[in-house]
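Asker: Got a sequence here, can you model it:
(one chain, ligands or ions: 2)
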Amino acid sequence: MLPERTARASIRWRFTVWVSVVMIASIGVTFAIVLSETTSRLRTQIDRDLKGETSQLAQSFDLLSAGPPAALASAARRYVTAQPLRSIGTVLFVIVPGQGLVSNRPELFGARRPDDGENSKQQVAENELATRLARPRLGFSTQTLADAGSVRMLERPVTVGGMRVTVGAGEPLGSVTRARHGVIQSFLLAGLFVVLAVVIGSYLVGTRVTAPLRRMARIAARVDAGDLEPRMDVPESRHDEIGVLATAFNRMLERLEEGFRSQRAFIADASHELRTPLTVIQGQLEVLALNPDPEAAEVRRVERLVAAEINRMRRLVDDLLLLAQAERMDFLAVDVIEVRRFLTQLWDGATLTADRRFELGEVPDGQLRADPDRLAQAVRNLINNAVNHTRLGDGTVRLEALEATPGELVIAISDDGPGIGPGELERIFERFHRSGYSRAAAIGGSGLGLAIVRAIIEAHGGTATASNGGLRGGARFELHLPGFRREAPGSANRDPGRSASVTN
Ligand SMILES: Nc1ncnc2c1ncn2[C@@H]1O[C@H](COP(=O)(O)OP(=O)(O)O)[C@@H](O)[C@H]1O
Ligand SMILES: [Mg+2]
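Answerer: Numbering: from 1, shown residues only. Ligands and ions are numbered 1, 2, ... in the order given. Here you go, the predicted model:
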């Protein structure tokens with residue numbers, strides 16, 4: 001189960017909210033633009049119409065001959081009322097000085113008949129309006145008329161026979177308001193539908209996209225609870241981020257499982273290796289305890305045996321400790337090593353006690369940045385193995401070193417022993433791995449030697465490899481170490497390469 005907090009703040013909900021917010025914002029902006037554009041277009045159209053109406057009206061007045069204002073007013077009334085081509089809403093009016101306002105829709109200007117059933121208050125207001133409108137206001141204006149609401153008006157002066165007459169036209173703005181309402185309504189309807197569709201759509205998409213993540217979270221929870229079995233199923237065709245993530249996730253689980261498995265095996269092996277000497281010690285002490293008066297020789301025999309087993313255990317524990325330390329950052333105490341001196345001294349010490357033919361081959365002059373104690377231990381482990389796998393007396397063990405690529409020193413230990421089984425070249429570096437041959441011949445230790453060699457060399461950033469390229473098909477181990485600086489030939493105290501065959 002996902003924790004509740006995660007479910008509430010889940011990606012699909014956040015995704016849905018974000019998409020919806022963006023959608024609503026863009027609909028809002030589009031709405032504002034369409035509304036203002038529609039309004040201004042309609043207003044421009046109305047203004048253009050008004051200009052046309054008034055200039056037509058002015059032209060027809062130009063044709064009239066001069067006369068008394070009353071005659072002019074009645075001519076104007078005839079003219080404005082007889083305009084069959086005008087749209088019904090258009091208001092036409094003429095203001096003749098002294099004669100008031102003449103219009104095709106006089107009721108809009110407050111000139112109603114008394115029987116219209118209005119109260120006196122309304123009549124007072126209408127009279128005020130009529131007086132106000134009867135004064136000419138040249139140019140465009142917007143007025144509120146009795147029944148038509150807001151009306152856009154244009155008035156212009158015309159001179160007829162020396163008299164200044166004002167002609168005007170008006171268009172009710174009702175059409176603009178209706179158009180605006182239409183826009184608002186359609187946007188509300190379409191917007192609601194779109195937002196609803198977007199919310200549902202993005203929730204579904206979000207659910208689909210995040211489904212693998214939720215599966216992964218469930219698997220992680222099961223792993224957390226100790227079950228290492230479950231895996232993500234990744235279709236072959238899936239190459240997107242989710243596919244990459246799922247593959248990496250599976251690989252990580254694989255490694256985790258492998259890690260747990262090898263740790264369990266390691267603990268089992270270590271316990272087994274420790275139990276063997278303990279059993280021997282216990283057995284010997286029991287034998288000794290059975291005899292109430294043991295001879296001094298018997299006591300010494302048991303003591304020797306017990307001491308040997310304790311030594312074996314100490315070596316094992318030391319090896320285990322070293323392997324555990326190898327994973328720590330401060331495992332190495334790196335120093336500058338003079339390679340030639342270091343290897344010859346090490347070689348002299350390690351070859352002193354065994355009866356083999358020891359050969360020291362080429363060793364380059366130069367300095368290596370490495371931990372001298374750890375590196376010496378790795379080389380000694382290899383020499384000991386070579387000694388263990390070669391014949392007493394005439395078996396050959398050889399050490400040489402060379403600069404394989406610039407900056408890389410290779411230390412190689414070869415022998416003329418039986419070599420390593422083909423399937424075992426990699427496995428011999430595993431902890432506690434010993435070949436059947438070594439077990440049968442009871443040579444070597446508990447199988448940690450090469451694991452330690454590899455751990456030390458890898459801590460130096462190098463690699464340790466095994467092959468059967470030794471002498472006469474024997475084993476050859478190579479340690480590749482970075483951080484080597486060759487000494488320029490002729491500089492410093494070069495001591496001629498020692499290549500000798502020593503039999504101890
Ligand atoms: N020089 C060698 N020649 C042949 N086999 C070797 C050689 N060195 C190591 N091996 C194989 O590698 C195995 C692991 O070696 P190692 O880790 O040192 O353990 P151990 O020496 O305790 O057996 C050995 O059991 C042996 O089978
Ligand atoms: Mg060994």
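
Asker: what's the following helix or strand after the strand or helix carrying residue 26?
Answerer: Using DSSP states H and E, residue 26 falls within helix 11-63. Next in sequence after helix 11-63, counting helices and strands by DSSP H and E, comes helix 69-81.

Asker: Please identify the residues of the stretch 401-504 of the chain in proximity to ligand 2?
Answerer: 444, 449 (Cβ under 5 Å from the ion). (Glycine included, C-beta is placed from N, CA and C.)

Asker: Try it again at 6 Å.
Answerer: Counting by Cβ under 6 Å from the ion, the stretch 401-504 of the chain comes close to ligand 2 at 444, 445, 449.

Asker: what about the helices in this structure?
Answerer: Secondary structure of the chain, counting by DSSP state H: helices at 4-8, 11-63, 69-81, 120-134, 174-224, 241-290, 296-325, 339-350, 372-388, 436-441, 449-459.

Asker: quick check: angle from the last one to helix 241-290?
Answerer: In other words, helix 449-459. 140 degrees (axes from the mean of the first three to the mean of the last three Cα atoms, to 10 degrees).

Asker: quick one: residue 381 and residue 479, what's the gap?
Answerer: 11 Å (Cβ to Cβ, to the nearest Å).

Asker: What residues does residue 415 make contact with?
Answerer: 386, 389, 390, 395, 396, 397, 398, 470, 471, 474, 475, 476 (Cβ atoms under 8 Å, 6 or more residues apart in numbering).

Asker: Determine the longest strand present in the chain.
Answerer: strand 149-160 (DSSP state E).

Asker: still on that earlier bit, as JSON lines, the residues of the stretch 401-504 of the chain next to ligand 2 with pLDDT and distance to residue 183 would be great.
Answerer: Converted to JSON lines, these look like this (pLDDT from 0 to 100; distance: Cβ to Cβ, whole Å):
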{"residue": "444", "pLDDT": "75", "distance to residue 183": "92"}
{"residue": "445", "pLDDT": "80", "distance to residue 183": "91"}
{"residue": "449", "pLDDT": "95", "distance to residue 183": "87"}
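
Asker: which regions of the stretch 1-150 of the chain lie under the pLDDT threshold?
Answerer: 1-8, 66, 83-88, 110-118 (pLDDT under 70).

Asker: tally of neighbours for the closest residue to residue 358 other than its chain neighbours?
Answerer: Nearest non-adjacent residue to residue 358, counting by Cβ to Cβ, 6 or more residues apart in numbering: residue 351, 4.3 Å away. Each residue near residue 351 was counted by other Cβ atoms under 10 Å, and the total is 20.

Asker: Same question for the one 5 residues further on.
Answerer: Counted by other Cβ under 10 Å, the residues lying close to residue 356 total 22.

Asker: And it, how far from ligand 1?
Answerer: Using Cβ to the nearest ligand atom, to the nearest Å, residue 356 is found at 12 Å from ligand 1.

Asker: hang on, the earlier thing: quick check, the residue nearest to residue 358 in contact with residue 383.
Answerer: Yes. Proximity of residue 351 to residue 383 meets the contact threshold set by Cβ atoms under 8 Å, at 7.2 Å.
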